[in-house]
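> structure for this input, please:
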Amino acid sequence: MSRWAAITIVSKRHLPLARVTAQSFREHNPVPFYTLLADDEQGRLDPTREPFALLHMEELGIAALKPFQFWHTELELSYASTPFAIQCLLRRGYDGVLFLKQETLVLDDLSPVFTKLAEHAVVLTPHLLRPPNRPDALQHEVRVLRAGVYNGGVVGFADCEEAHWFLEWWQAKVFRRCVRQVKRGYHFEQRWLDFAPSLVARHHLLRDPGVNVGHWNLLERHIRVANNRVTALGVPCRVFRFSGYQPERPEMVTKYNRHLTVADTGEAAAVFARYHALLMSAGYTEARKLPYAYETYRSGATISERARRAYQRQGDAVSNDDNPFERTSFDRFRRWFKMGGHPKAR
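Numbering: from 1, shown residues only. Coordinates of the predicted model:
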């Protein structure tokens, strides 16, 4: 078995993102690439035709799997599954696992990242490597603080006791509440990574300006494109992130900053155009029409976010084998919900 592995996570609607990430990764790195499907196939894909090895949620060893899938929305489930997916591959015998979030384009060899992973338990990438030089610098720094100092889009874990301990701690934090509630301190799975440097002695902060280039640091990285080679601050641009990029609005860098357009990014505009073309070739338009398995009860009724949050609040009252998607469970849950969440109404 290979020494290293890499993985991303998507639902069916976002399979084209995983295809682009996997294909670009494999172009530069002779390392096995996996995709966890945070969804159910529902007969809508052929794993043998994908550019990655497919991993299913049932393989993660999550005891209360159905409640876990019910507690979270489509996006939340992908994020909450991150520490479980990484540990699943480590337990298969890999020495280290690199996680790349779904909206990623790999542009160069990642052996420098794997080298650091060989020497450390956890490898993290900060959002910023220098103070932003822009009119809204203070506001931007506050936005980064709210999201977390470290970016969850590129993170590596080695097969060692320290890494497994942190992964299990991280799993416990996101298991029932991987949500974005900034005022309460939650930003999906990401903010928990801020604890890694103090909890994990053998950690490494990857200060490579060519890794994890995204809308939060794009203007400071000075992207250049020449002879089909991309650089950031004069070094190879290895990992370019497209967090919040919407192919339906290709003129915008991200939905998270409505003032930043692709035209504002200089030579990086060519990278956005390339990514857009790759997504279209990977079936983006068709995939957007695919259903998400965990958005309805078995009866066909749509699950509201209010119902998910109410079910979350049951906490330890939920048994591992409970299946809230089943019609009978839905009836019990509806009675419980109408009675104000009294445990006896389940």
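> which residues in the stretch 101-250 of the chain form helices?
Applying DSSP state H, counting those that start in this stretch to the stretch 101-250 of the chain gives helices spanning 111-119, 137-147, 161-174, 196-199.
> dump those to a markdown table, plus distance to residue 240, mean pLDDT and mean neighbour count.
For glycine as for every other residue, the C-beta is placed from the backbone atoms N, C-alpha and C. Below are these laid out as a markdown table (distance: least, Cβ to Cβ, whole Å; pLDDT from 0 to 100; neighbours: other Cβ atoms under 10 Å):
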| stretch | distance to residue 240 | mean pLDDT | mean neighbour count |
| --- | --- | --- | --- |
| helix 111-119 | 14 | 96 | 17 |
| helix 137-147 | 18 | 94 | 14 |
| helix 161-174 | 25 | 98 | 18 |
| helix 196-199 | 23 | 98 | 15 |
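> contacting residues for the closest residue in space to residue 205 that isn't next to it in sequence?
Once flanking residues are discounted, residue 205 sits nearest to residue 124: 5.5 Å by Cβ to Cβ, 6 or more residues apart in numbering. When contacts are counted by Cβ atoms under 8 Å, 6 or more residues apart in numbering, residue 124 touches 150, 155, 193, 196-197, 203-206.
> gap between residue 115 and residue 98?
12 Å (Cβ to Cβ, to the nearest Å).
> I'd say residue 251 and residue 260 touch.
No - counting by Cβ atoms under 8 Å, residue 251 does not reach residue 260; the two are 10.5 Å apart.
> and the two? Which one has more around it.
Taking other Cβ atoms under 10 Å, residue 251 and residue 260 do not tie; residue 260 has more neighbours (15 against 10).
> so what pLDDT did the more buried one get?
pLDDT recorded at residue 260 is 93.
> before we move on, what about residue 313?
86.
> repeat that for residue 340.
The predicted structure scores residue 340 at 58 on the pLDDT scale.
> tell me where the stretch 151-300 of the chain has strands.
154-158, 180-181, 186-187, 203-205, 211-213, 223-226, 229-232, 235-236, 239-241 (DSSP state E, counting those that start in this stretch).
> these: which one's closest to residue 141?
strand 186-187 (15.1 Å; Cβ to Cβ).
> what lines up beside the longest strand along the chain in the sheet?
Using DSSP state E to define each element, the chain has its longest strand at strand 4-10. Here strand 4-10 has these sheet partners by DSSP bridges: strand 33-37 (parallel), strand 96-100 (parallel).
> single out the most deeply packed of those strands.
strand 96-100 (a mean of 25; mean count of other Cβ atoms under 10 Å).
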